[in-house]
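Participant: Let's see this in three dimensions:
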Amino acid sequence: MNDGTVSTHDNLPAELLHKNNAPVFSLGGKIYELGNREGYRQFWTIYHRPPEAEYRNYLLERRDSLIPLDERSFKGAYYTPLAVVDKAYDKLTETLGHNWQREYIVWDMCCGVGNLEVKHSNHRNIYMSTLDEADVDVMRATKTYVAAQCFQYDYLNDDITDDGKIDYTLTNKMHESLRKAIADGKKILVLINPPYAEAGSALTKDAKTNVANTKMGSNMQEYGFAKRELFTQFVARIAKEIPTATLAMFSKMKYINAPNFEKFRDTWNAEYLGGFVVHSQSFDWLKGEFPIGFLVWKTYQNTNKKIVFTEIITDVLDKYSNPIGEKSFYNLPNSTFLNSWVKRPKINKQSCILLKNAVSPATRTIDVRGCNWSDNAIGSLYLSSNDMQSVKTTAIVSSGYNSPGGFLVTPKNLWQVAIVFSVRRLIKPTWINDRDQFLQPTGELTEEFKSDCLIWMLFNGSNLTAGADDLEWNGRKWSIVNHFIPFTEDEVNASGRFESDFMVEYMADKIFSAEANTVLEAGKTLWQSYFSQTDVRSVRDELKLNRPDAGWYQVRKALQARNASGDFPLVSFKHFETSYKALTEKLQPMVYELGFLKV
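Facilitator: Residues are numbered from 1 along each chain as shown. Predicted coordinates for the structure are as follows:
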């Protein structure tokens, strides 16, 4: 920070210099010219140069928000807002007592520029380490934590041997006083907001190649898939290095209840002391809406007695850090999850086209899943992960599933498919329930519930089953047959014969509730409206309306296109929407009553 000629801080990683009577910046030994001289000039016509003393340190301490977005996203580094820090300190006082700042040595091994420590009143008890040397330079220059021990330290790589042991002599970066405190078993509080980045594959859109290739990660075989997450790598090293530490950590909630973390929960040994979840939008640059937990744990990694938790209760804070209630999170065996409820049919040697939408072929032809059929198959169910965050991917199609969690639909499993589809779609996703896991039912599934779910699925917007010819994929043309039309040709005045009457036959011996019958009648009226007119060529081409057995997706989209054009008699969806809403409201509470989700 500079007034144009004199620096206000020493030993910062960047300096303002002048070259040819123009300002330039020296950063990391390289000279960078201004990208916009006029913008620089206008900036200093608005603000004092240098900024008033009371603002200088604040600006430097907020360096975190100026880090390039691509760098922050790759590392998964999202810095802790001060309003959330206030709530964290309140929770620490509640769980550890009023004297915790005097009684505990605090180590934050991913401190950034120290947002988490800004509220601490006893800096002599604080050790702060960070991956980036520039963060240490900023803290020293601002003299914010003069009494604290601040040092550069790569916690996931430094002092870790090839076989996973901790050897401080490898780098000699670790302060001797901290090493002694660990060895003496003093009360140590690890207070961290570690990176959230996940390494992995294309199966998770947020996965980042190579980000978790660390020495710690390569020595976490007993933790299963958790080794791909940076924040659980921190937890694993802490468990090895400080087995009786108290851990207070900001993180996503997946380590509490996600299926891929079952081995982690089996291996890690800790007692829950308290915590809260806060809206992810409290944190700058975090994408999506989900809970970030601040949970406090007492770890017991060096004891043989396993502490098992099945439920933890947290306070809930909105994105402004205001309390709005409580939330329970459950640690249940993977065997109880809904994604293992339906037995997957065996595939045969018959190939099928892969779809990415109702009538849109997949763009990939290699390294794909679900491109073989099954005996008597009638379609596929798209699924991804078992929690609420993935419900928007739930759909049924008339061909291969092209999804890692998907499977083929047959007459034998259709009743279960209808239930899985419905319970995953009935409850609206929110940031609070984002990580809730779907469970196998614990209550009695009546025939009425089963048939209600079938009708709800058939008329849902994510029923993407269709009939179409001449779909091009993998070097050939394909046809798909629609087995999901709940009406006969005569009932809807169809333009031709349906290739399949499977659904009519399947529904023939079933008794439907009043709500389901109302939806069926309203749906039939819309299907009749569809066959009463012929769509323009552009709509027929787009929706592949080239055979009579059009699906609910094609019917609905064609009618909407007619309404939008103004060239056809207006078709009202109001009666259908009212009827479908009534069935939805009937089924929604049953998702919880029958045990598919826990409150």
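Participant: For the rest of this, base every contact and every neighbour count on C-alpha atoms.
Facilitator: OK.
Participant: any idea how far the nearest residue to residue 347 once chain neighbours are set aside lies from residue 400?
Facilitator: Among residues not flanking residue 347 along the chain, residue 374 sits closest, at 4.4 Å (CA to CA, 6 or more residues apart in numbering). As defined by CA to CA, to the nearest Å, residue 374 lies at a distance of 10 Å from residue 400.
Participant: Which parts of the stretch 51-200 of the chain are helices?
Facilitator: For the stretch 51-200 of the chain, the helices defined by DSSP state H, counting those that start in this stretch occupy 53-61, 69-75, 82-96, 100-103, 133-142, 176-183.
Participant: so residue 294 sits right up against residue 248, yeah?
Facilitator: Yes. In terms of CA atoms under 8 Å, residue 294 counts as a neighbour of residue 248; the distance is 6.7 Å.
Participant: Overlap of the contact sets of residue 374 and residue 400?
Facilitator: Taking CA atoms under 8 Å, 6 or more residues apart in numbering as the criterion, residue 374 and residue 400 both touch residue 408.
Participant: Just want to know which of these two has more residues nearby.
Facilitator: Between residue 374 and residue 400, counted using other CA atoms under 10 Å, the more crowded position is residue 400 (30 against 22).
Participant: what's near enough to touch that one?
Facilitator: 352-355, 370-373, 379-380, 408.
Participant: Repeat the analysis, applying 6 Å as the threshold.
Facilitator: Residue 400 makes contacts with 352-354, 370-371, 380, as judged by CA atoms under 6 Å, 6 or more residues apart in numbering.
Participant: Could you do residue 535 as well?
Facilitator: Listed by CA under 6 Å, 6+ apart, residue 535 has no contact partners.
Participant: mind running it again at 10 Å?
Facilitator: Shown in contact with residue 535 (CA atoms under 10 Å, 6 or more residues apart in numbering): 541, 545, 558-559, 561-562, 568.
Participant: Equivalent analysis for residue 356, please.
Facilitator: Residue 356 makes contact with 362-364, 382, 397, 400-403, 464 under the criterion CA under 10 Å, 6+ apart.
Participant: Would you quantify the distance from residue 297 to residue 268?
Facilitator: As judged by CA to CA, residue 297 and residue 268 stand 11 Å apart.
Participant: Just the endpoints, please. Distance across stretch 261-272?
Facilitator: End-to-end span of stretch 261-272 (CA to CA): 17 Å.
Participant: hmm, back to that, mean pLDDT lowest for which of the helices of the stretch 51-200 of the chain?
Facilitator: Lowest mean pLDDT within the helices of the stretch 51-200 of the chain: helix 69-75, a mean of 39.
Participant: Centroid-nearest residue for this structure?
Facilitator: By CA atoms, centre = their mean, the mean C-alpha position of the chain lies nearest to residue 389, the distance being 6.0 Å.
Participant: follow-up on the earlier one: what is the most widely separated pair among the contacts of residue 356?
Facilitator: 364 and 464 (19.4 Å; CA to CA).
Participant: In terms of neighbours, single out the busier of those two.
Facilitator: residue 464 (26 against 13).
Participant: how close does that one sit to residue 520?
Facilitator: In terms of CA to CA, residue 464 sits 17 Å off from residue 520.
Participant: related to what we said a few turns ago, quick one: the residue nearest to the residue nearest to the centre of the chain when sequence neighbours are not counted from residue 540, how far?
Facilitator: The spatial neighbour of residue 389 that comes closest, neighbours along the chain excluded (CA to CA, 6+ apart), is residue 434 at 4.8 Å. From residue 434 across to residue 540, the span is 38 Å (CA to CA).
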